[in-house]
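Peer 1: pasted the sequence and its predicted model underneath.
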Amino acid sequence: MRQSQAFIPTLKEDPADAELISHKLMVRAGMLRKLAAGIYTILPLGWRVTRKVAQIVREEMDRAGCQELLLPILMPAELWKETGRWEKYGKELFRQKDRHDREYVLGPTHEEAITDLVRNHIRSYRDLPLNLYQIQTKFRDEIRPRFGVMRAREFLMKDGYSFHTDEAQLAEAYDRMREAYAAVFRRCGLEFVIVEADSGAIGGDVNHEFMVTADSGESLIFSSQCGYAATSESAKFKIASLAAEPVAALETRSTPSRKTVEEVASFLSVEPARLLKSLVFFAGDEAILAVIPGDRELNEAKLSRVLGHPAPRLATGEEIERLTGGPLGFTGPVGLTGKLRTILDVCIQEGRNFVTGGNARDVHLVNVRVERDIPAVERADLATAREGDLCPRCGDRMRLGRGIEVGHIFKLGLKYSQAMGARYLDAEGTERIIVMGTYGIGITRTVAAVIEQLHDANGIVWPHSIAPYHVHIVPVNMNHDPTREAAEALYARLVASGVEVILDDRDERPGAKFKDADLIGVPLRVTIGEKGLKDGYSFHTDEAQLAEAYDRMREAYAAVFRRCGLEFVIVEADSGAIGGDVNHEFMVTAQTSRQDFASDRANSCGLSFQRICGEAFTPPGWNFR
RNA sequence: CGGGGCGUGGCUCAGCCUGGUAGAGCACCUGGUUCGGGACCAGGGGGUCGGAGGUUCAAAUCCUCUCGCCCCGACCA
């Protein structure tokens, strides 16, 4: 590509409406423009990257035995009414009517469409398993679209659905998908964790999210050394068990107008953890008393799961008074267990003396013993984990971090197949319901996540795998004939070799070109200028000359990576698509599993590389992977 | 939906409080000089200030409504 003819509108300044680094850089690098809130045009440069991510997804899916298809974006409402999601999905669902006033939805996800297809064509266990996927634009009318393409209303997504005879078959596909997903994100150069997640309204129990670690992420993630990782909505935790305390008699205390945990704790001179926080919820018509330690937050996602209700709501002051006999702020489980379904958080220990509300105005109880005063109470995990809590598996301290959700895999079970009547006949001739799984990757979001992780002060730093171009030729001055000729010759050579190359043939000042190149972030930059040419490096007409230059470049490159503080080895490599015989790769020795990425990273030391190139012109035939 | 903020040329923003009929930088066009980190000189084109209504002799500026956008919250596959 010749930059003089390319549509890459770069911007010198940050767009006013962007907050996230990835959003700013995508707009500034000429990849993205906004059309309306949460609706974006992906420009040529952005589309090249997006397509590469999609292609990686495609390759990994196909390798895992999946088949790509194209589903309609528009779906009749009837299908959604069958599964109940027409009502349940809420306002996020884009609804639409045609000229005959028939109702349609713009697909936010495609379980209905695919299940309809499968129920019409799959009859036998011999047809299973089946794993289909689509890469398409999806629509979700987000209440608050934000962060550019990170949380858009219209976005590109890969959605996959698998169909099985039984749970065992599903489990096999699920594990394979998990591996395939890990491969996709690894190839994109991302650092990520796989976390246990809340299944939300989709239902089903087993599910995992793929989280790209980034401070700008919207999700909170707990993780521990043993590999346990979970979102804040589902993270389990242990706390150190405390020594039993001597039994003391239950007493009432007057706590005038002390309602909050802080007020009561300081009034009675005890730690907030000494208190039990009692919250009254309604799940439909059923009232529930949820009791958690005073120093913790209730996790509504956990409560929702325990109750099997999508959205429990907090009771009002009047309701609390009617149910407990005491005003808001003085509620406690003692004496209520028979009257009100009471659930005690699992981390509340027996053998300790707690403070609770007394279910009467200005009264709290002290020396409350779980085993004596709240006997035989229902127990469940209700409290939200926090930093420093102990891992439920290995008992080590958990770390708290942030992540961007780029993928989510679910074992769906029978939810959709049952509702829509997707059945098959087993070997005995018995009709059974198809077992399903679903697997999604936010393609456009993944692009943003990569930028979020891989950028520097001057712009994007693409990993080789999804870079819009692999080589950026920057002639310093197009009006200097030798420079122009050298650049053109190298360009022609690389194009002929099938290298994805962009040539900055614009009649711009060098500074402007460098800034744009920094922004766009092509992994390899070849700067061609008068200085370099004068130093005697040029195109090599014979092997001897080339060999000499090659060795010098090898040294120069080694110097670059040394100066970057990287440990690396130089290995003989396959010449691949570029052709030629002799070539070497510089591999950074990485201790993690991110080997592929590490080499890309080394690959991407564009700034230092460029300085070297100012003094030594890159010989053609040279190959960097 | 609640709270806050913003809409002025392609971009970033000033002007608004204290009404007097629109400005800067960048970008763009022409000519020239320049050319290894967002050049310089000269000349030039482009906006009626998101929209509607109102107050006023006069509105970008004040008032009302409305639309759009951003942030925080609530919500959420």
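Peer 2: Perfect, thanks for sending it.

Peer 1: helix, strand, or coil at the residue of the stretch 301-450 of chain A found nearest RNA strand B?
Peer 2: Proximity of the stretch 301-450 of chain A to RNA strand B (C-beta to the nearest atom of the strand) peaks at A:His408, 2.9 Å away. To be clear about C-beta, it is placed using only N, CA and C from the backbone, and glycine gets the same treatment. Using DSSP: H, G, I helix; E, B strand; the rest coil, the structure places A:His408 in strand.

Peer 1: please save the CA atoms from stretch A:267-286 in CSV.
Peer 2: Taking Å, rounded to 0.1, in the frame of the first residue of the first chain, the C-alpha atoms of stretch A:267-286 are listed here in CSV:
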residue,chain,number,x,y,z
PHE,A,267,-20.9,3.2,69.6
LEU,A,268,-20.2,-0.2,71.1
SER,A,269,-16.5,0.0,70.5
VAL,A,270,-16.2,-3.1,68.5
GLU,A,271,-14.8,-3.9,65.0
PRO,A,272,-17.3,-3.8,62.1
ALA,A,273,-16.5,-7.5,61.6
ARG,A,274,-18.0,-8.2,65.0
LEU,A,275,-21.4,-7.2,63.6
LEU,A,276,-23.7,-9.2,61.5
LYS,A,277,-25.4,-7.2,58.7
SER,A,278,-28.9,-8.3,58.1
LEU,A,279,-30.6,-7.4,54.9
VAL,A,280,-34.2,-8.1,53.9
PHE,A,281,-34.8,-8.9,50.3
PHE,A,282,-37.8,-9.9,48.2
ALA,A,283,-37.6,-12.5,45.5
GLY,A,284,-41.0,-12.1,44.0
ASP,A,285,-43.3,-12.4,46.9
GLU,A,286,-40.9,-14.3,49.1
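
Peer 1: next, the buried residues of that stretch.
Peer 2: Across stretch A:267-286, burial judged by 16 or more other C-beta atoms under 10 Å covers A:270, A:272-283.

Peer 1: equivalent analysis for stretch A:253-268, please.
Peer 2: Neighbour counts over stretch A:253-268 (16+ other C-beta under 10 Å) mark A:253, A:255, A:258, A:261, A:264-265 as buried.

Peer 1: verify the stated contact: A:Ile441 with A:Val57.
Peer 2: Yes - with contact defined as C-beta atoms under 8 Å, A:Ile441 counts as touching A:Val57 (5.9 Å).

Peer 1: joint contacts of those two?
Peer 2: A:158, A:184 (C-beta atoms under 8 Å, 6 or more residues apart in numbering).

Peer 1: which one of the buried residues of stretch A:267-286 is nearest A:Tyr125?
Peer 2: Among the buried residues of stretch A:267-286, A:Ala283 lies closest to A:Tyr125 (C-beta to C-beta), at 38.8 Å.

Peer 1: for the closest one, which non-adjacent residue is spatially closest?
Peer 2: Counting by C-beta to C-beta, 6 or more residues apart in numbering, A:Ala283 lies nearest to A:His309, which is 3.7 Å off, once chain neighbours are set aside.

Peer 1: likewise for A:Leu414?
Peer 2: With sequence-adjacent residues excluded and distances taken as C-beta to C-beta, 6+ apart, A:Leu414 is closest to A:Ile433, at 5.1 Å.

Peer 1: what residues are bridge-paired with the one you found?
Peer 2: On the basis of DSSP bridges, A:Ile433 is bridged to A:Arg423.

Peer 1: how many neighbouring residues does it have?
Peer 2: Residues lying near A:Ile433 (other C-beta atoms under 10 Å) number 16.

Peer 1: and the pLDDT at it?
Peer 2: Listed pLDDT for A:Ile433 reads 96.

Peer 1: what's the spacing between it and A:Tyr133?
Peer 2: According to C-beta to C-beta, to the nearest Å, A:Ile433 stands 22 Å off from A:Tyr133.

Peer 1: is stretch A:125-144 in proximity to RNA strand B?
Peer 2: Yes - Stretch A:125-144 lies within reach of RNA strand B by C-beta under 7 Å from any atom of the strand, at A:143-144.

Peer 1: next, the residue sitting furthest away from the middle of chain A: secondary structure please.
Peer 2: Relative to the C-alpha centroid of chain A, counting by C-alpha atoms, centre = their mean, A:Ala249 is the outermost residue, at 51.5 Å. Per three-state DSSP, the local secondary structure of A:Ala249 is coil.

Peer 1: tell me what the helix or strand containing A:Ala492 is packed against?
Peer 2: Using DSSP states H and E, the element containing A:Ala492 is helix A:481-496. Applying 3 or more C-beta pairs under 8 Å, 6 or more residues apart in numbering; DSSP states H and E, we find helix A:481-496 packed against strand A:471-475, strand A:501-503, strand A:524-528, helix A:530-534.

Peer 1: can you list the low-confidence ranges for chain A?
Peer 2: Chain A contains residues with pLDDT under 70 at A:198-205, A:531-550, A:552-553, A:556-625.

Peer 1: domain map for it?
Peer 2: What automatic domain parsing lists as the domains of chain A is A:21-235+A:400-451, A:251-380, A:462-615.

Peer 1: tally of neighbours for the closest residue to A:Pro15 other than its chain neighbours?
Peer 2: Closest residue to A:Pro15 apart from its sequence neighbours, by C-beta to C-beta, 6+ apart: A:Val27 at 4.7 Å. Here the count is done by other C-beta under 10 Å, and A:Val27 has 24 residues near it.

Peer 1: got the residues of the stretch 401-550 of chain A near RNA strand B?
Peer 2: Applying C-beta under 7 Å from any atom of the strand, we find that the stretch 401-550 of chain A lies next to RNA strand B at A:405, A:408, A:410, A:440, A:458, A:476-477, A:479-480, A:507-512, A:514-516, A:518-519, A:527-533.

Peer 1: phi, psi of the residue nearest the centre of chain A?
Peer 2: In chain A, the residue lying closest to the centroid (C-alpha atoms, centre = their mean) is A:Glu405, at 1.9 Å. Phi and psi for A:Glu405, reported as degrees, to the nearest 10, are phi -80, psi 110.

Peer 1: does it touch A:Asn207 like I think?
Peer 2: No - using C-beta under 8 Å, A:Glu405 is not in contact with A:Asn207; the gap is 11.6 Å.

Peer 1: not counting its neighbours along the chain, what's nearest A:Lys236?
Peer 2: Looking at A:Lys236 with C-beta to C-beta, 6+ apart, the closest residue is A:Pro392, at 4.1 Å.

Peer 1: doesn't that neighbour fall inside a helix?
Peer 2: No - secondary structure of A:Pro392 (three-state DSSP): coil, not part of a helix.

Peer 1: circling back to that earlier point, the residue nearest to A:Pro15: which element?
Peer 2: helix A:21-28.
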